[in-house]
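Enquirer: quick one, structure for this:
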Amino acid sequence: MKRNIVIATIAAAALIGGGTATAIAVSGDEEAPAKKSNVQVSNDDTDRDDDANVNDTDDNDADDKADAAEDKAAKDTGEDAEDKAENAADAKVAQVDAADAIKAALKNTKGTAVSADLDDEGTKHVWDVDILTNGGAWHSVQVDPSTGKVVGSHVDRDDDGDDAAETAQIRAALKGSSVTAAEAAEAGAAKGTVTSVDLDEESTDKAWEVDTTAANGTGSDWRVNPDSGKITADRSND
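Expert: Numbers count the residues shown, from 1 in each chain. The predicted model follows:
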């Protein structure tokens, strides 16, 4: 039985008069009764940004100011015009975002994604995703940022003999974490184009480090809480 629901909303009058719009849900299921709900529509014909009006008690101005402060704190103020132009060009290449690149890599190699970086491999860019398998092996998986297809994969060798200690430290940082690398990337995507996700396992407040790039090439550094998923500015360089 089809359950397609068409919602007709009488909004024009409410927008003009600041009144109440009535939404009527009409179900394709004849046995289901029609439902009504009242939607309050505010009357605002001033074309002003309410969030910028500090005297507007209807908006969360304190939250807006806090978000603006976080955005400012996260920006990399040491970048020049050349850096920003390069950042903007790199970000445009990432038609497949970091979260999807991580998911593609994990389909190729089972384990836990610990980092993902948009790397310039000479003449082309790739997402380089590091995966820690359940057996303790490290795999580097390359994903095409334009198609999302895996274009390479290899096992990372322990060249310096430090992998065992580092792996143990990373496992300890991941233990009990409810936020994955892909979810951290999705959180960062609200701030710009994500170009890097990496687990900071060394600091006392373990977190996912996320780098983003704005449309104008301005880079920003963020930290995503591995338990709550809350994103805040990375102030380690302040």
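Enquirer: now the spatially most central residue of the chain: closest residue in space, sequence neighbours ignored.
Expert: Nearest residue to the geometric centre of the chain (CA atoms, centre = their mean): residue 186, 2.4 Å. Excluding its sequence neighbours, the residue lying closest to residue 186 (CB to CB, 6 or more residues apart in numbering) is residue 99, at 4.8 Å. Quick note: C-beta positions are derived from backbone N, CA and C, even for glycine.
Enquirer: run a quick neighbour tally on residue 135.
Expert: Neighbour count of residue 135, defined by other CB atoms under 10 Å: 7.
Enquirer: specify the local secondary structure of it.
Expert: Here residue 135 takes the coil state, with states given by DSSP: H, G, I helix; E, B strand; the rest coil.
Enquirer: so for the helix or strand where residue 165 lies, mean pLDDT?
Expert: Per DSSP states H and E, residue 165 falls inside helix 163-174. Summarised as a single mean, pLDDT over helix 163-174 is 88.
Enquirer: over to stretch 90-107?
Expert: Computed over stretch 90-107, the mean pLDDT rounds to 95.
Enquirer: show me the contact partners of it.
Expert: With contacts defined as CB atoms under 8 Å, 6 or more residues apart in numbering, stretch 90-107 is touched by 113, 116, 118, 120, 125, 127, 129, 131, 141, 143-150, 180-183, 185-186, 188-189, 192-197, 213, 215, 217.
Enquirer: buried subset of those?
Expert: Taking 16 or more other CB atoms under 10 Å as the criterion, what is buried in the contacts of stretch 90-107 is 113, 116, 118, 125, 127, 129, 131, 141, 143-145, 148, 150, 180-183, 185-186, 188, 192-197, 213, 217.
Enquirer: those residues in strands, which ones?
Expert: Among these, the members found in strands (DSSP state E) are 113, 116, 118, 125, 127, 129, 131, 141, 143, 150, 193-197, 213.
Enquirer: wait, which of those residues is closest to residue 206?
Expert: When those are ranked by distance to residue 206 (CB to CB), residue 197 comes first, at 14.1 Å.
Enquirer: is it true that residue 180 touches residue 114?
Expert: No. The criterion here is CB atoms under 8 Å, and residue 180 misses it with residue 114 at 10.1 Å.
Enquirer: just how off-centre is stretch 128-145 within its chain?
Expert: Taking the mean of its C-alpha atoms, stretch 128-145 sits 20 Å from the chain's own mean (CA atoms, centre = their mean, to the nearest Å).
Enquirer: contacts for it?
Expert: For stretch 128-145, contacts defined as CB under 8 Å, 6+ apart pick out 93-96, 101-102, 104-106, 108-119, 121, 125-127, 149-156, 163, 167, 170-171.
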